[in-house]
Structures are given as structure tokens and as C-alpha cells.
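Engineer: Kindly generate the corresponding structure for this input.
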Amino acid sequence: MSAVEAELSVWSPEALDTLLPWCEARGIGFLAAMPLGNGFLTGTLTPGEGFEPDDMRARHPRFTAEMMAANQPIVAGLRRVAARHGEHVTPAQVALAWVVAQGRHVVAVPGAKQERWVTENADAARLCLSARDLTEVSGLPRAQGSWE
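Structural biologist: The predicted structure follows:
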């Protein structure tokens, strides 16, 4: 085995406790799936925004208007860190840079449907988060709402 794929994001950091250390100890790569929390961590989704019926978020507990509103402090924290890096840095880029900073064996695998998002995501590779940034992002509130 050369790599393991599992979810890892600011709002789903559970892999940090067991799976990431296991991979690192064995020299196995870690493909961080859903590093943008199915779009939530981009800061572009509005609480109460409807989703198309075939979009899994339409049925997911973390994407109800109530839970999206409750989880806005996470996006606000990503925005604060982004603002320290310049006006063109986005919450999504901070979220991706945080994931990649979790280990040299970690690769973020964000989904994207538009070229502009691919470009924005790729630009996150140039973002160097400071120790202060990493601590601040790691200390953001845990996401509310079941992910099961």
C-alpha cells in the first residue's frame, strides 16, 4: 500500500489522532479527502441556502440552516487567518494549507467543478501558514452536527 484516503479537514480532524500517525510511521501517504468540508470551508455557502435534490448536502445534517449557522465561527476563523496573508487569500486556501501542513506525507484532494476553483485551490500551495496561523486554525471550534 502506498497511500490511504480518508476525510481530513478543519471541521473533520479526527484522522489526526490515529490514522495520520499510523501512515507516517509506515511511510504511507495520506490523501486528505473533502479538505474543504464539501464546500463549507470555502466561506461561499450561505446558511439556509438550498441544495439541489441530488446534492448529498441537501440531506446531510451539517448542511441544515441551523448547523450551517452554528458552524460559521469556523469560517470566520479561516477568514481572519486569510486576511493576515493578503486580500486575495481565501478561507478555502487557508483550509487547504492547514491540511497539507499536517505532515509531509499529506496531500489534499479537493473536489472542484469549475476552473476558477481549481486555480484557487492550486494557489493554496504557495500559502505558508505560520505557527500562529496553524495554532489558531487547529483551535477553531469543533463542527456541530452529525457527520454520520
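
Engineer: Scan this protein for its longest helix.
Structural biologist: Counting residues, the longest helix in the chain under DSSP state H turns out to be helix 72-84.

Engineer: Might you list the low-confidence residue ranges for the chain?
Structural biologist: Low-confidence regions of the chain, defined by pLDDT under 70, span residues 147-148.

Engineer: if we go to 90?
Structural biologist: Along the chain, segments meeting pLDDT under 90 span 1, 46-65, 111-114, 145-148.

Engineer: show me where it has helices.
Structural biologist: Under the criterion DSSP H, the chain carries helices at the ranges 19-26, 65-70, 72-84, 91-100, 115-123, 131-138.

Engineer: Please point out which parts of stretch 138-148 sit buried.
Structural biologist: By neighbour count, with 16 or more other CB atoms under 10 Å as the criterion, the buried positions of stretch 138-148 are 140, 143-145. For glycine as for every other residue, the C-beta is placed from the backbone atoms N, C-alpha and C.

Engineer: I meant to write stretch 101-110 there.
Structural biologist: 101-103, 105-106, 108, 110.

Engineer: The longest helix of the chain to helix 91-100, inter-axis angle?
Structural biologist: Calculated by axes from the mean of the first three to the mean of the last three CA atoms, to 10 degrees, helix 72-84 forms an angle of 90 degrees with helix 91-100.
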